[in-house]
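Trainee: any chance you could fold what I've pasted below:
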Amino acid sequence: MKKALEKHNQERRQGLSRSNIRDFILGFQDGLVNTLGLVLGVASAVQSTKIVLISGLVTTFAESVSMAAVAYTSTKAAHQFYESELEREKREIKDIPQMEVEEIRVIYHKKGFRGKQLESIVKKITSNKKLWLDTMMAEELRLFPEDYEKPVKSGLVVGTSAVVGSLVPVFPFFFLPVKSGMIFALVFSIVVLFIVGAFKAKVTIGNWKKSGLEMVVVGTVAALVGYFVGSLLGAVYG
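Mentor: Residues are numbered from 1 along each chain as shown. Below is the predicted model of the structure:
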């Protein structure tokens, strides 16, 4: 039993780690794709590397701050929702314990337990208020406290990853002229997007090749939109 509990706790910690990785991928992908479309659009409209760099860097930091704020507020809202559901379950256990006991019985009946074994499980769980509450949150509502912890950390992870992702398409313009920078930015971004997409499938679920290609398609579409808009504006106002 002790070994099983340790294994369960380890899996929960790994799940939390995967959650942090997903936050990083979210920020990285959005930062890269949005900035790629913008720098290609600007680069196709102007011939100044300085303007492309300024536009890309402004977008990098504005996008990153925005994404960090969204990650913080959404995680905080989710945490508040968890807390409200926790308080509701506490009240129900206190005010209508018979109904809550029956809910535990139904949960474990669906898991295949019957007769004395089922009643023993129900008695064991409901004899401990904390265990009872934790069971209701996890088994009935599918809510786990570690999924809603540390909104500041979530915001920092998403914001930092957005900065890193956004710098990928900007980087070539530090060293190359506009036309060469556009080509290198596109190719470099596509390669990075495929790697990140494949890694995403590894730490979550799915086929790594399909996930990589999907992310490449999203990035390419964004780049093409930015490029054609920039070309159009360059032709009109150039």
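Trainee: for stretch 211-228, the averaged confidence score.
Mentor: Here stretch 211-228 scores 79 as its mean pLDDT.
Trainee: same question, stretch 54-61
Mentor: Mean predicted lDDT for stretch 54-61 stands at 88.
Trainee: now stretch 186-193
Mentor: 88.
Trainee: please list the outside residues in contact with that stretch.
Mentor: Contacts to stretch 186-193, defined as Cβ atoms under 8 Å, 6 or more residues apart in numbering, come from residues 29, 32-33, 36, 40, 168-169, 171-172, 212, 215-216, 218-220, 223. In this view, the C-beta of every residue, glycine as well, is placed from N, C-alpha and C.
Trainee: who wins for neighbours among these?
Mentor: Comparing the contacts of stretch 186-193 on neighbour count, Pro169 comes out first with 34 neighbours (neighbours: other Cβ atoms under 10 Å).
Trainee: which residues touch it?
Mentor: 32, 35-36, 39-40, 56, 185-186, 188-189.
Trainee: same thing with Lys153?
Mentor: Lys153 neighbours (Cβ under 8 Å, 6+ apart): Asn20.
Trainee: hmm, back to that, just the contacts of stretch 186-193: which are in helices?
Mentor: Among the contacts of stretch 186-193, the members found in helices (DSSP state H) are 29, 32-33, 36, 40, 168-169, 212, 215-216, 218-220, 223.
Trainee: next, give me the two most distant ones among those residues.
Mentor: Leu40 and Gly212 (20.7 Å; Cβ to Cβ).
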